[in-house]
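# Got a sequence here, can you model it:
(one chain, ligands or ions: 1)
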Amino acid sequence: MSTEQQAPTYPALVQALADRGLLTARWRQVFEAVPRSRFVPAEVWRQLPDRCEPVAGTDEWLALVNSDEPVVTQLDDGAEGGPGIATSSNSMPSMVARMLGLLDVEDGMRALEIGTGTGYVAALLCERLGDDLVHSVELDPVIARQATDALSRAGYRPHLRVGDGEQPWPGLGPVDRLISTCALRCVPYALLRQVRPGGIVVAPLAREFWSGALVQLCVQDDGTAVGPFCGGATYMPMRSHRVPDLHKVPGKGRARAAGLDPARLLDLGFALYAGARLPGVRLIHQGTPAGVQVWVTRENGAAATAATGEEVWQYGPGLLWEEIEQAWWEYESVGRPDAEHFGLTVTDRGQQVWLRDPHEVIRPR
Ligand SMILES: C[S@@+](CC[C@H](N)C(=O)[O-])C[C@H]1O[C@@H](n2cnc3c(N)ncnc32)[C@H](O)[C@@H]1O
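Model prediction:
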């Protein structure tokens, strides 16, 4: 028996998605009919935790494309000599399968995708619904051109537009389903107005308080939308929704004894809770040999950093770490709910996170 590792193949990838319960029989047929490799250009990068690594050689390229990993297809919005941040990709196949499952499409429905990227999701939707019922918009003209070419080489002709997907598609009329494949900091009301009452919107949200989560919203008769969070999702953000860096932290810090292990804060349920209780507070984190270090900041200059097993340092006005700990104890007192217990309501006045019931809105402190 050979001990050599088998190179991953696309049929094996689709099989693995089906084995994980991520594909209905119909979506499995669709995935099988649309090989991912047809939509991935030659020059790509692998996303590592702290940087993007170029992928060299056909074997490495094929191994990445046939794996359940995102394939980065553009850095720094296409600019030369930038910091190397991923700005377009062919998304992780299991995430694509989850999102298409949540979209709950039926024959004859019209779908709109925001973020054409490589064209792979648009091709899957065309295979499922038919070219004429699929619309997809991409902001970056170079990426859009590559997607148009890949789609037409693969035999698909959806309606494509180069432009800002946050703005209404002129003359499109209401669609049944909207999927955003770039992350939103908040769901723009203008997007909902493109979807008919009873229609569904699936989107990843990227909040300031460390959370990336999928949301599935149902548009109501009055034009508002309500629905649950459906697990974590890390997506590259819509260009105008990029989460800014941490606020500047002025002055000297004040140390205090360690309290809550910051590793406990990296829980999606808590991130959704704290994000709603402490709007505008940004949190980022990094692994350390002992556990994790987090940094939190607020626009008024309040900040704190805490690392597993070390003292807490607080900066600027107020005591931001105490506020974070207070939010944690509140979260404990409501039963430490998983992300799936939270939901979102979007109206023309903004969006609100709720817990277990749309009437139980989590108000800012
Ligand atoms: C993760 S990629 C999309 C992957 C794609 N669905 C696929 O199948 O390959 C996100 C894309 O969203 C695009 N994007 C960012 N902001 C946008 C906006 N305002 N309107 C439309 N597209 C946008 C990016 O240029 C990028 O190509």
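# secondary structure element for residue 151?
In the assignment (DSSP states H and E), residue 151 maps to helix 141-153.
# show me the contacts for the residue lying closest to residue 133 once chain neighbours are set aside.
Distances taken as C-beta to C-beta, 6 or more residues apart in numbering put residue 110 closest to residue 133, at 4.9 Å, once the chain neighbours are dropped. Bear in mind the C-beta positions are built from the backbone N, C-alpha and C, glycine included. Contacts for residue 110 (C-beta atoms under 8 Å, 6 or more residues apart in numbering) come out as 129, 133-135, 175-177.
# next one: residue 241
Applying C-beta under 8 Å, 6+ apart, we find residue 241 in contact with 182-186, 206.
# Grab the nearest non-local neighbour of residue 146.
Taking C-beta to C-beta, 6+ apart, and ignoring the residues beside it in sequence, residue 146 has residue 41 as its nearest neighbour in space, at 6.2 Å.
# Report the secondary structure state of that neighbour.
coil (DSSP: H, G, I helix; E, B strand; the rest coil).
# returning to what we had before: buried ones in the helix holding residue 151?
143-144, 146-148, 150-151 (16 or more other C-beta atoms under 10 Å).
# so where does residue 62 fall, helix or strand?
Judged by DSSP H and E, residue 62 forms part of helix 58-65.
# oh, I was asking about residue 27
helix 25-33.
# Quick check: the closest residue to residue 62 other than its chain neighbours vs residue 322, distance?
Excluding the flanking residues, the one nearest residue 62 by C-beta to C-beta, 6+ apart is residue 7, at 6.6 Å. To residue 322, residue 7 is 53 Å away according to C-beta to C-beta, to the nearest Å.
# from the contacts of residue 110, which is closest to residue 345?
Closest to residue 345 out of the contacts of residue 110 is residue 177 (19.4 Å), distances taken as C-beta to C-beta.
# pull the CA atoms of the one helix or strand that closest one maps to into PDB?
Assigned by DSSP H and E, residue 177 belongs to strand 175-180. Extracted in PDB, the C-alpha atoms of strand 175-180 (Å, rounded to 0.1, in the frame of the first residue of the first chain):
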ATOM      1  CA  VAL A 175     -35.200  40.300  -6.100                       C
ATOM      2  CA  ASP A 176     -36.200  37.300  -4.000                       C
ATOM      3  CA  ARG A 177     -32.700  36.600  -2.500                       C
ATOM      4  CA  LEU A 178     -29.700  38.800  -1.800                       C
ATOM      5  CA  ILE A 179     -26.300  37.400  -0.800                       C
ATOM      6  CA  SER A 180     -23.400  39.600   0.100                       C
END
